[in-house]
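Asker: No sequence on hand, only this structure:
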């Protein structure tokens with residue numbers, strides 16, 4: 001059971017509710033806050049005090065006073081008129097995440113909606129009644145108006161929800177089967193439901209959790225690649241990070257790499273390489289590849305610096321999302337014994353920024369992976385591996401040549417997709433919304449890059465496993481490397497000769513999306529430092 005109290009919800013909790021179908025519970029103290037806020041609003045509304053969206057029109061029509069006898073009509077019209085989204089629907093899990101985020105924002109206790117409405121949202125989550133929400137239609141300024149309207153409209157029995165097989169079903173049919181009556185919206189409730197950042201924040205919470213797992217699995221795959229490419233362990237020594245350049249992400253990434261490489265007989269230390277080089281020189285030998293081993297390429301040597309920066313970015317994303325999840329982000333707000341707050345908490349700029357930052361960071365994660373794959377496939381860079389990792393009849397067989405192409409193509413696609421949406425403001429709503437955040441677009445871009453990276457990492461993982469077989473070094477891998485290798489080989493055999501590879505890439509992609517590499521390392525007793 002996940003407690004939804006307006007104060008303690010985390011992106012991980014949103015993931016548990018949205019993906020793991022954990023049930024939610026509203027504690028008594030949250031209900032008390034909701035009631036007090038509602039009482040505050042109703043005292044003012046019954047006196048026809050001018051309150052935005054309660055006794056006035058919306059946006060540029062704020063100058064129009066609306067008599068309180070139209071309370072339900074005003075709120076219902078708002079929801080209906082803004083349920084105008086287009087495009088493919090968000091996933092069932094994303095819609096559940098949006099509901100969880102909106103529910104928690106309302107439980108903060110300043111939005112002045114009724115207890116009945118909040119409990120209906122909780123019921124939807126616990127009974128898996130999930131609105132169908134089109135992905136396109138939010139500017140992320142006066143909140144995620146369009147997407148949240150598609151959520152809100154189902155509470156009044158309109159719009160669509162997901163059927164048992166994922167199909168689109170009219171809401172009224174589902175409510176009738178469940179014996180539920182549609183709600184009638186009262187003062188402020190249409191506005192309270194749609195005037196907030198809960199779409200970008202809900203979707204962003206899923207991305208943040210999945211990105212954190214993807215980063216750990218990227219480190220795991222990196223570890224195996226470092227072993228077969230005989231990277232020096234000296235680049236990961238704690239002193240160079242903890243004493244010389246103490247960024248937390250860099251320190252944690254270096255720690256994880258030391259864990260992942262522990263026990264490997266393939267990874268030489270700087271001292272071992274120096275001794276080998278000195279011995280060769282004493283025998284009159286010229287420059288050797290040992291000298292190259294002392295200063296490996298950046299994708300092998302600078303992993304803590306690059307993925308560490310990705311870690312720090314994701315940590316900032318988690319922090320910002322956590323604050324936003326536990327914020328009252330609609331307008332106006334009713335804080336007990338204080339003047340009604342007419343402000344702009346609905347503006348999504350903080351989330352838009354961190355989702356764009358996440359896109360940039362994840363793009364660089366993919367770049368690092370694809371460049372290591374290139375080293376594995378290039379016989380001039382791999383330190384002795386056959387080109388394109390094919391040993392039998394090279395030329396007749398192409399090996400991994402074709403598998404590299406989607407990884408490289410997706411890096412290019414990620415770079416295009418990582419163009420910030422948060423600076424693409426276009427005024428709307430009669431120039432009332434003259435600066436908008438485009439936060440949901442930022443989140444959708446980050447989601448696309450996250451998904452692309454699973455394929456990029458899948459290619460590197462299979463290439464590294466192929467290198468293990470070609471070198472015949474399975475027994476020289478460290479414990480973590482063997483776990484990774486065996487997890488991959490349990491699903492995909494060694495490439496002896498050219499074969500159809502797409503299904504194998506899909507399979508490893510699914511393995512990574514499910515967090516299998518990380519789970520298998522934990523089952524083997526290895527605990528890695530996370531970034532949230």
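Answerer: Now that the structure is in, tell me what you want to look at. If you're wondering where the values come from, they're calculated on a predicted model, not measured in any experiment. Numbering: from 1, shown residues only.
Asker: In space, what's closest to residue 473 - neighbours in sequence excluded?
Answerer: Leaving aside its sequence neighbours, residue 473 sits nearest to residue 266 (CB to CB, 6 or more residues apart in numbering; 6.0 Å). In short, each C-beta sits where N, CA and C put it, glycine included.
Asker: Provide the contact partners of stretch 464-484 at residue level.
Answerer: 220-221, 223-225, 227-229, 259-267, 376, 382, 384-386, 389, 391, 400, 461, 485, 488-489, 492, 494-495, 517, 520-521, 524, 526 (CB atoms under 8 Å, 6 or more residues apart in numbering).
Asker: ends of that stretch, how far apart?
Answerer: Start-to-end span of stretch 464-484 (CA to CA, to the nearest Å) is 10 Å.
Asker: How about stretch 107-125?
Answerer: So stretch 107-125: terminal residues 15 Å apart, CA to CA.
Asker: chain center to it: distance?
Answerer: 26 Å (CA atoms, centre = their mean, to the nearest Å).
Asker: show me what contacts the residue lying closest to residue 208 once chain neighbours are set aside?
Answerer: Spatial nearest neighbour of residue 208, chain neighbours left out: residue 11 (4.7 Å); criterion: CB to CB, 6+ apart. By CB under 8 Å, 6+ apart, the residues touching residue 11 are 204-206, 208-209, 318, 321-322, 325, 532.
Asker: Where neighbours are concerned, which of those has the most?
Answerer: With neighbours taken as other CB atoms under 10 Å, the top of the contacts of residue 11 is residue 204, carrying 35 neighbours.
Asker: what about it, helix or strand, and which?
Answerer: Assessed by DSSP states H and E, residue 204 sits inside helix 198-228.
Asker: now swap in residue 14 and tell me
Answerer: Per DSSP H and E: residue 14 is located in helix 11-18.
Asker: now that helix and helix 198-228, what's the angle there?
Answerer: 110 degrees (axes from the mean of the first three to the mean of the last three CA atoms, to 10 degrees).
Asker: average model confidence for helix 11-18?
Answerer: For helix 11-18, mean pLDDT rounds to 98.
Asker: next helix or strand past that helix?
Answerer: Later in the chain than helix 11-18, the nearest helix or strand by DSSP H and E is strand 24-25.
Asker: And the contacts of that next one?
Answerer: Strand 24-25 is touched from outside by 1-4, 17, 100, 103, 122, 125-126, with contacts defined as CB under 8 Å, 6+ apart.
Asker: ok, of those, which come out buried?
Answerer: Buried subset of these (neighbour count, 16 or more other CB atoms under 10 Å): 2, 4, 17, 100, 103, 122, 125.
Asker: Strands along the stretch 1-150 of the chain, start to end?
Answerer: 2-3, 24-25, 86-89, 134-136 (DSSP state E, counting those that start in this stretch).
Asker: swap in the stretch 351-500 of the chain?
Answerer: Going by DSSP E, counting those that start in this stretch, the stretch 351-500 of the chain shows no strands.
Asker: can you pull the contacts of the residue nearest to residue 162 when sequence neighbours are not counted?
Answerer: Take residue 162 and drop its neighbours on the chain: the residue closest to it by CB to CB, 6+ apart is residue 130, 4.6 Å away. Listed by CB under 8 Å, 6+ apart, the contact set of residue 130 reads 92, 95-96, 99, 124, 161-162.
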